[in-house]
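**Q** coords please:
(2 chains)
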There are 2 protein chains.
Amino acid sequence: MDLDLDLDLGLDGAALTARLVDIPSVSGEEGPLADAIERALRPLAHLAVSRDGHAIVARTELGRAERVILAGHIDTVPVAGNLPSRTEGSRLFGCGTSDMKSGVAVQLRLAARLAAPSRDVTYVFYDCEEVAAERNGLLRLSRTRPDLLAGDFAVLMEPTEGQIEGGCQGTLRAEVTAAGKRAHTARAWMGRNAIHEAGDILGVLRGYTPREPLVDGLRYREGLNAVAIRGGVAGNVVPDECVVTVNYRFAPDRDGGQAEEFVRSTFAAWPVTVIDVAEGARPGLDQRAAAAFVATVGAGLGAPRAKLGWTDVARFAALGIPAVNYGPGLPELAHSAGEYVETGAIAACESRLLSWLCT
Amino acid sequence: MDLDLDLDLGLDGAALTARLVDIPSVSGEEGPLADAIERALRPLAHLAVSRDGHAIVARTELGRAERVILAGHIDTVPVAGNLPSRTEGSRLFGCGTSDMKSGVAVQLRLAARLAAPSRDVTYVFYDCEEVAAERNGLLRLSRTRPDLLAGDFAVLMEPTEGQIEGGCQGTLRAEVTAAGKRAHTARAWMGRNAIHEAGDILGVLRGYTPREPLVDGLRYREGLNAVAIRGGVAGNVVPDECVVTVNYRFAPDRDGGQAEEFVRSTFAAWPVTVIDVAEGARPGLDQRAAAAFVATVGAGLGAPRAKLGWTDVARFAALGIPAVNYGPGLPELAHSAGEYVETGAIAACESRLLSWLCT
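**A** Numbering: from 1, shown residues only, chains lettered A, B, ... in the order given. Prediction:
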């Protein structure tokens, strides 16, 4: 066994994060890191450890009245010349420092230290969050081992800069197609230019005013954007088709069906083909377990805010489990070569969760 | 030698066209047809025959005061299940019937019949007209054997439905780029959507009014069209670039430089990159040789009209030779699987040219 793959859970949060970062785990290649996590957790008598592919689930089984879940993905986007990790002052740089091995380090430290938490805790470490949904480890677990994910409340430790972010917006992609009639460009008046027609589709997008609904007390801000456009037959042909791909980010007071209805009515003048839709998740901060979390963990922090991006909290929502995003990483740095985490934020996150799980 | 590759120039125009059509000659594969044409012309004592690649040039050398050129390309676009040729009533169907083996048949018949025309005649049969300009056989001849193309007036036997079409419009393609700023679509207000911005470029195109100048007595109609559009980074990213490719068809009272200036000033708000430009050709019908042609060949036809598409007459114009388009084919059917020619038009075209070359 390579000693470098041993994880010492007695290291402080920053040092443990650095160890996790230095075991590369690009999506699909999480094996060595999953092995290391499993080896570190197996010896802990207070945890029941399960493995499913490259996902590890560790549970206390104390018969507490409430069970909470701390979940984090162990994969990263491709390395961008930013390994191994390095420290500069208060910052730890490297691939996955913010998204989200600092959160995973907090999970592991809590798992090791909390032999008798006040709530039963399920620690979920999963694979393939950064790639296509069908490969997502949390989705796989929810289908093959829903028993392992049972609980009253979940915390997804995605980077939120140490703030509590409730729920998440849904996302829908659709193709809106402008039609025309082909002709030689030397006799353009015999045709109808579909790219020119698509100007009206872009006009609708430019005239769009985002809805900003209040959902369970949090303010969301929607978005409707062209994310791709294509059209053209040849350099001398008036094109007969132009396809605009739009992405609608919708607040969680709408479900996927309502989102589709909105997009279809917005572009009623054109054929609309929905490509994919992912439901959002209501923040659910009015529910008991969530409210307790906000009261303890959120003490002294800014008010919980709405999560605008789509995250795996929606998978918990689909299982009927309220969930929030809360982690030490910096969301704006996710997926960037210059990614780093403030080491002080790792300790602060751990300390707040510790208070919550001990009271 | 395969007897099927023998051309009998004593066949009538329709039958000879059918023979030419049945020797496939997609661009780059003109060898067998060029061989057949060369073999048919070499025995004719009144012609001096030269060959350059798959191009054949046959010239009378009678010392006449005037030399005229009859030019046609022998290649076709790819066969589309439309060979061998077949006759239905007055129509001969098949790949190249209109564009332009019916014109080539007229050239060959005249070359065989006219031992002592009133003007010296140069018959040019060339390759690779249907593909990229740098492969064009007429362009190659104009560079390597300009002596073979010398003359006072040229007739390009492209399909014009038996009408005289003067000159040709120029064509310019350019990319017009809208810029933006990337952002996650969940936080779109942090970016600027380049596809939405491109709506203004399309607005300019939609607001465009074609110029319709009178040039040497012929009315041209210009055109400005988007022929391609592209933009998009990923399904969740506000894109930072959208590129619209525009095609400007310009009347021959403007040269390429003026065309570029027009496009740049029309899209002054955006970066413009010119991809390519091909000069047009003035109709030149006011010149003596051209006027004689119109008076004889055009007798009883509609008034000469402007050629809106770009054709190789521009190559003659570049050599200082006035040129017109005149051929029996139907331009609207060029490049279509259902291509055909009216057989009566082949005989009519030959008859009119014969009158001109005998008086």
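
**Q** what segments of the stretch 51-200 of chain A are strands?
**A** For the stretch 51-200 of chain A, the strands defined by DSSP state E, counting those that start in this stretch occupy A:55-59, A:67-73, A:86-88, A:91-93, A:120-126, A:153-156, A:165-166, A:170-179, A:183-184.

**Q** quick check: angle from the first one to strand A:120-126?
**A** Right, the one you point to is strand A:55-59. Between strand A:55-59 and strand A:120-126, the angle comes out at 170 degrees (axes from the mean of the first three to the mean of the last three C-alpha atoms, to 10 degrees).

**Q** so what are the sheet partners of strand A:55-59 and their directions?
**A** Partners of strand A:55-59 in the sheet, by DSSP bridges, are strand A:48-52 (antiparallel), strand A:120-126 (antiparallel).

**Q** before we move on, back to that, could you dump the strands of the stretch 51-200 of chain A into a markdown table with mean pLDDT and mean neighbour count added?
**A** For every residue, glycine as well, the C-beta is placed using N, CA and C. Shown next, in a markdown table, are the strands of the stretch 51-200 of chain A (pLDDT from 0 to 100; neighbours: other C-beta atoms under 10 Å in any protein chain shown):
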| stretch | mean pLDDT | mean neighbour count |
| --- | --- | --- |
| strand A:55-59 | 98 | 24 |
| strand A:67-73 | 98 | 25 |
| strand A:86-88 | 97 | 12 |
| strand A:91-93 | 98 | 20 |
| strand A:120-126 | 98 | 24 |
| strand A:153-156 | 96 | 26 |
| strand A:165-166 | 94 | 26 |
| strand A:170-179 | 97 | 21 |
| strand A:183-184 | 87 | 20 |
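
**Q** out of the ones you listed, nearest to B:Gly199?
**A** Nearest of the strands of the stretch 51-200 of chain A to B:Gly199, taken as C-beta to C-beta: strand A:170-179 at 12.3 Å.

**Q** and that closest one, what does it pack against?
**A** helix A:194-207, strand A:241-250, helix A:256-266, strand A:272-278 (3 or more C-beta pairs under 8 Å, 6 or more residues apart in numbering or on different chains; DSSP states H and E).

**Q** between the ones you listed, which one is nearest to chain B?
**A** Closest of the helices and strands packed on strand A:170-179 to chain B is helix A:194-207, at 3.4 Å (criterion: C-beta to the nearest C-beta).

**Q** give me the distance from the helix or strand following the closest one to the chain's centre.
**A** Sequence-wise, the next helix or strand downstream of helix A:194-207 (DSSP states H and E) is strand A:214-215. How far strand A:214-215 lies from its chain's middle: 20 Å, per C-alpha atoms, centre = their mean, to the nearest Å.

**Q** what's strand A:214-215 in contact with?
**A** For strand A:214-215, the external contacting residues (C-beta atoms under 8 Å, 6 or more residues apart in numbering or on different chains) are A:167, A:220, A:251-253, A:282-283, A:306.

**Q** if you set the cut-off to 6 Å instead, what comes out?
**A** Contacts to strand A:214-215, defined as C-beta atoms under 6 Å, 6 or more residues apart in numbering or on different chains, come from residues A:251-253.

**Q** and it, what's its mean pLDDT?
**A** Mean pLDDT, computed over strand A:214-215, is 94.

**Q** residues contacting the least confident helix or strand in chain A by mean pLDDT, please?
**A** Using mean pLDDT, DSSP states H and E, strand A:183-184 stands out as the lowest-scoring helix or strand of chain A, at a mean of 87. Here strand A:183-184 makes contact (C-beta under 6 Å, 6+ apart) with A:190-191, A:238.

**Q** find the residue at the geometric middle of chain A.
**A** Centroid check for chain A by C-alpha atoms, centre = their mean gives A:Thr311 as the closest residue, at 2.9 Å.

**Q** excluding its backbone neighbours, what's nearest that residue?
**A** Distances taken as C-beta to C-beta, 6 or more residues apart in numbering or on different chains put A:Cys168 closest to A:Thr311, at 4.8 Å, once the chain neighbours are dropped.

**Q** how about A:Ala228?
**A** B:Gly232 (2.9 Å).
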